[in-house]
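> any chance you can model this:
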Amino acid sequence: MGLFRSDPEVDGEIAAVLLTQDKAVLRAIARHQPRFRQIRHPEERLVLAAGDDMSPPRTAIIAGRRMFIFAPGTHIPERVVDVAEIDRASLAEPAAVCLNELNLGFWFKFRRSAEALAFATQVNKAILESRPRSVPHLFPDYYVEILTSADITPTFENVARLVGRTVAMFGGQAGAFCAQTGNRATFDVFLRTFAPSAVLEDQSNVVDEMVDWLWARNPGFHFGIKRQLMRWREGLRASEGTFLDGGNVLPWMWDTGAEGAVKMWTLVFNDTKPSSPAPC
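All right, here's what the predicted structure looks like:
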């Protein structure tokens with residue numbers, strides 16, 4: 001028998017989803033494998049295995065809808081988290097990722113920003129796959145409820161005009177969401193996709209399509225989408241005099257058609273500062 005034991009090896013299944021070949025991370029994940037095998041459900045598909053650059057590393061394994069987080073130097077999970085309950089994986093400086101879950105958070109710290117980006121990207125992808133849209137379809141019930149609660153008759157014309165106003169508002173909010181994450185490229189795609197919709201004769205499903213589009217882009221948008229739709233509903237109830245004329249909804253008018261939408265939504269983007277990650 002030799003004097004030294006060789007390091008345990010990472011299972012092939014886990015190795016296939018590893019984000020790094022760092023030897024310290026491989027050793028840590030290999031040490032965590034026996035306990036992970038015991039608590040993993042057979043139907044849970046492996047999604048991700050990673051470790052940060054702490055010494056020893058903190059590691060994370062995502063299987064199915066669960067993330068297993070092992071603290072440095074331990075053999076049992078520090079946390080087992082429902083991936084759908086994680087708000088988002090946020091990049092921070094220096095190369096670090098903050099995971100926010102149910103008002104609690106924890107850091108993964110890396111030596112290189114590329115590793116942090118890869119980890120955050122894969123975690124956010126797993127969140128999106130685990131958390132389908134939870135906002136009910138808006139048309140027509142959302143608009144009818146706003147009108148009836150304000151004692152406005154939900155005629156076809158009133159509903160259509162309220163939809164048009166909501167398209168204008170939500171497009172601006174999309175600009176704010178993209179600016180808060182510092183993602184101009186995403187906003188440019190949004191403009192190309194939805195600015196033409198600002199002048200459609202039938203806009204019934206435009207806001208629903210915006211919600212779907214934004215929901216699929218970034219899990220950090222999810223809470224803001226729900227909050228903004230609630231605020232818009234409550235705000236219109238409180239300020240109905242600003243958009244009514246004789247009991248009917250005033251139409252939203254773009255001065256220069258779709259170009260007006262681009263101008264207005266871009267103004268919101270430019271006036272919104274990027275947000276810092278929520279504290280871990």
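
> contacting residues around the residue lying closest to Cys178 once chain neighbours are set aside?
Spatial nearest neighbour of Cys178, excluding adjacent residues (Cβ to Cβ, 6 or more residues apart in numbering): Phe187 at 3.7 Å. Placement of C-beta: from N, CA and C, glycine included. The contact partners of Phe187, taken as Cβ atoms under 8 Å, 6 or more residues apart in numbering, are 174-175, 178-179, 269.

> for Glu209, same thing?
Glu209 neighbours (Cβ under 8 Å, 6+ apart): 194, 197.

> doesn't it fall inside a helix?
Yes - counting by DSSP: H, G, I helix; E, B strand; the rest coil, Glu209 is located in a helix.

> and the gap between it and Pro196?
12 Å (Cβ to Cβ, to the nearest Å).

> buried set for the helix or strand containing His222?
His222 is part of helix 222-238 when elements are defined by DSSP states H and E. Across helix 222-238, burial judged by 16 or more other Cβ atoms under 10 Å covers 222, 224-225, 228-229, 232-233, 236.

> Ala63 against Glu43, yeah?
No - between Ala63 and Glu43 there is no contact under Cβ atoms under 8 Å: 9.5 Å.

> which one of those two has more residues nearby?
Ala63 (22 against 7; other Cβ atoms under 10 Å).

> check contacts around the more buried one.
36, 40-41, 44-47.

> what do you get for Ala176?
268-269, 272.

> ok, of the residues you listed, which one's closest to Arg217?
Phe269 (14.6 Å; Cβ to Cβ).

> for the one helix or strand the closest one maps to, which helices and strands make contact with it?
Assigned by DSSP H and E, Phe269 falls within helix 258-271. With contacts taken as 3 or more Cβ pairs under 8 Å, 6 or more residues apart in numbering; DSSP states H and E, helix 258-271 sits against helix 156-180, helix 184-194.

> all strands of the stretch 1-150 of the chain, in order?
All strands of the stretch 1-150 of the chain, identified by DSSP state E, counting those that start in this stretch, fall at 46-51, 59-63, 66-70, 77-82, 86-92, 96-101, 104-109.

> now the fifth one against strand 66-70, angle please.
Strand 86-92 and strand 66-70 are oriented at 50 degrees to each other (axes from the mean of the first three to the mean of the last three Cα atoms, to 10 degrees).

> could you find the closest non-adjacent residue to the residue most central in space within the chain?
Per Cα atoms, centre = their mean, the C-alpha nearest to the average position across the chain is that of Pro219, at 1.1 Å. Leaving aside its sequence neighbours, Pro219 sits nearest to Ile127 (Cβ to Cβ, 6+ apart; 4.2 Å).

> Gly171 too?
Using Cβ to Cβ, 6+ apart, the closest residue to Gly171 is Trp265 (4.6 Å).

> check Gly260 too.
Trp254 (3.6 Å).

> got it, and Thr186?
Cys178 (5.1 Å).

> that neighbour - how many residues pack around it?
Neighbour number of Cys178 under other Cβ under 10 Å is 27.

> contact partners for the residue nearest to Gly260?
When contacts are taken as Cβ under 8 Å, 6+ apart, Trp254 is in contact with 168, 198-199, 260-261.

> how about low-confidence regions in the stretch 1-150 of the chain?
1-7, 101-104 (pLDDT under 70).

> and with 50 instead?
Scanning the stretch 1-150 of the chain with the threshold set as pLDDT under 50 gives 1-2, 4.

> distance between the ends of stretch 12-30?
11 Å (Cα to Cα, to the nearest Å).

> buried stuff in that stretch?
14, 17-20, 22, 25-30.

> most widely separated two among those?
Val17 and Arg27 (17.2 Å).

> would TSV of the contacts of Ala63 with distance to Thr74 and neighbour count be doable?
Listed next are the contacts of Ala63 as TSV, based on distance: Cβ to Cβ, whole Å; neighbours: other Cβ atoms under 10 Å:
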residue	distance to Thr74	neighbour count
Phe36	12	21
Arg40	17	16
His41	21	9
Glu44	21	15
Arg45	25	10
Leu46	21	16
Val47	22	20
